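The sequence and its predicted three-dimensional model are supplied below.
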Amino acid sequence: MKSLLAAAALVALVPLAGAQELKIGYVNSERVLREAVPAKAAQAKLETEFSKREKELSDQAAKLKSAADKLEKDGPTLSEAERNRRQRELVDQDREFQRKRREFQEDLNQRRNEELASVVERANRVIKQIFDQEKYDLILQEVVFAGPRVDITDKVLKVLNAPSGAGK
């Protein structure tokens, strides 16, 4: 019944659409988040902010691997007590490493989401600005298919990438 009512409503709107052409636009959000200068700046900011911790984790992983290799190599010549002690140390170090890696990933994800939200907010302001200035009836961001005639992604990128800081 609902689909029948929706179909009837669409049929009723067709004559209205003929009387006045609808102006519809589409923005490829994925492309904006990939190509916009503010998005690239946010990515660079995150890389700078997290590079030191990432290197520390990488160094710690290398040390763990080296210690595990050494234990495997020296294992047959060690006393059982010494081998057990080194294995416990290795397990404790690995547990600490895994904890730090989880914390790093959680922090990185949180900051990435914050930066992404900021870029999305700016992009939405630019889209609203274009919507108002060019008198669009509808601008979509998530669609299955859109033709190049309605794609306004380049306009959005142009405003976002403008050195004048438009869209801030």
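Cool, the structure landed. Residues are numbered from 1 along each chain as shown.

And the next helix or strand past the helix or strand of the chain with the lowest mean pLDDT?
Using mean pLDDT, DSSP states H and E, helix 2-19 stands out as the lowest-scoring helix or strand of the chain, at a mean of 46. Counting by DSSP states H and E, the next helix or strand C-terminal to helix 2-19 is strand 24-26.

what does that next one contact?
130-131, 136-141, 143, 146, 150-153 (Cβ atoms under 8 Å, 6 or more residues apart in numbering). The way it works is simple: take the backbone N, C-alpha and C, and place the C-beta from them, glycine included.

If we use 10 Å, what do you get?
Applying Cβ atoms under 10 Å, 6 or more residues apart in numbering, the set of residues contacting strand 24-26 from outside is 127, 130-131, 134, 136-143, 145-153, 155-156.

In strands, which of those residues appear?
Among these, the members found in strands (DSSP state E) are Leu138, Ile139, Leu140.

Can you give me the distance of the last one to Phe131?
Distance check for Leu140 against Phe131: by Cβ to Cβ, to the nearest Å, it reads 11 Å.

neighbour-wise, which of those two wins?
Using other Cβ atoms under 10 Å as the criterion, Leu140 and Phe131 rank with Phe131 on top: 16 against 12.

show me what contacts that one?
Phe131 touches Lys23, Gly25, Asp137, Leu138, Ile139, Ile152, counting by Cβ under 10 Å, 6+ apart.

For stretch 92-102, buried residues please.
Within stretch 92-102, no residue is scored as buried using 16 or more other Cβ atoms under 10 Å.

I misspoke; the intended subject was stretch 136-155.
Tyr136, Ile139, Gln141, Ala146, Val150, Asp151, Ile152, Thr153, Lys155.

Mind listing residues that contact that stretch?
17, 20-32, 35-36, 120, 123-124, 126-131, 134, 156, 158.

ok, now with 6 Å
Residues outside stretch 136-155 that contact it (Cβ atoms under 6 Å, 6 or more residues apart in numbering): Leu22, Lys23, Ile24, Gly25, Tyr26, Val27, Asn28, Ser29, Arg31, Ile127, Ile130, Phe131.

What is the most widely separated pair among those residues?
Leu22 and Arg31 (23.5 Å; Cβ to Cβ).
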